[in-house]
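*Asks:* Model the following, please.
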Amino acid sequence: MKKIDVIIETGSDKRFEAYIDPDKEYGLTFGLLGEGKSVQQCIEDFHESANEMKAYYAEIGKEFPELEFTFKYDTASFLSHYSEMLSLAGLETITGINQRQLSHYLNGVKKPRMGTIEKIENGIHQFANELSKVRFV
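*Replies:* The predicted structure follows:
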């Protein structure tokens, strides 16, 4: 089974797109794309695209590879998707990156450097780890 990284991005129209990471060589002879107003719709459309390609391969008598997809956000799409659940003030606390800078990333005004992306990802993972240990009485 081939493990495929799928990038989720958001455009200026605030719609989400999912596509196969073009920076990685998977040996595929096709591309896949999903779109939607939400991340969920986008991922569902991506899977539908994969199913349509699989059906096409069956139709022409070609074997379709077994694929496992891992969806990865770019910074703007992550911030856009979770902005209703996590405020920029909260994300500042979690990541140590000020709200104004996060807003620039959210709105596509600026793109974060790799070190900043890692800082955001590490902060989110640490916060998620803390949340996973919460127990109520």
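*Asks:* switch to C-alpha atoms for all contacts and neighbour counts from now on
*Replies:* Noted.
*Asks:* and residue 40, what element?
*Replies:* helix 39-59 (DSSP states H and E).
*Asks:* What's the first helix or strand after that helix?
*Replies:* Past helix 39-59, the next helix or strand by DSSP H and E is strand 67-73.
*Asks:* For the very next helix or strand once past that next one, what is the distance to the chain centroid?
*Replies:* Following strand 67-73 in sequence order, the next helix or strand is helix 75-82 (DSSP H and E). Relative to its parent chain, helix 75-82 has a centroid offset of 8 Å by Cα atoms, centre = their mean, to the nearest Å.
*Asks:* and what of stretch 36-47?
*Replies:* Using Cα atoms, centre = their mean, the offset of stretch 36-47 from its chain centre is 11 Å.
*Asks:* so residue 34 is in which element?
*Replies:* Residue 34 is part of strand 33-36, with elements assigned from DSSP H and E.
*Asks:* Could you list the alpha-carbon positions for that strand in PDB?
*Replies:* In PDB, the C-alpha atoms belonging to strand 33-36 read as follows (Å, rounded to 0.1, in the frame of the first residue of the first chain):
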ATOM      1  CA  LEU A  33      -8.200  16.800  -6.400                       C
ATOM      2  CA  GLY A  34     -11.000  17.600  -3.900                       C
ATOM      3  CA  GLU A  35     -12.800  20.900  -3.300                       C
ATOM      4  CA  GLY A  36     -15.400  22.100  -0.800                       C
END
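*Asks:* tell me the angle of the longest strand that the chain contains relative to strand 67-73?
*Replies:* Ordering each strand of the chain by length in residues (DSSP state E) puts strand 2-10 first. Put simply, strand 2-10 runs at 30 degrees to strand 67-73, going by axes from the mean of the first three to the mean of the last three Cα atoms, to 10 degrees.
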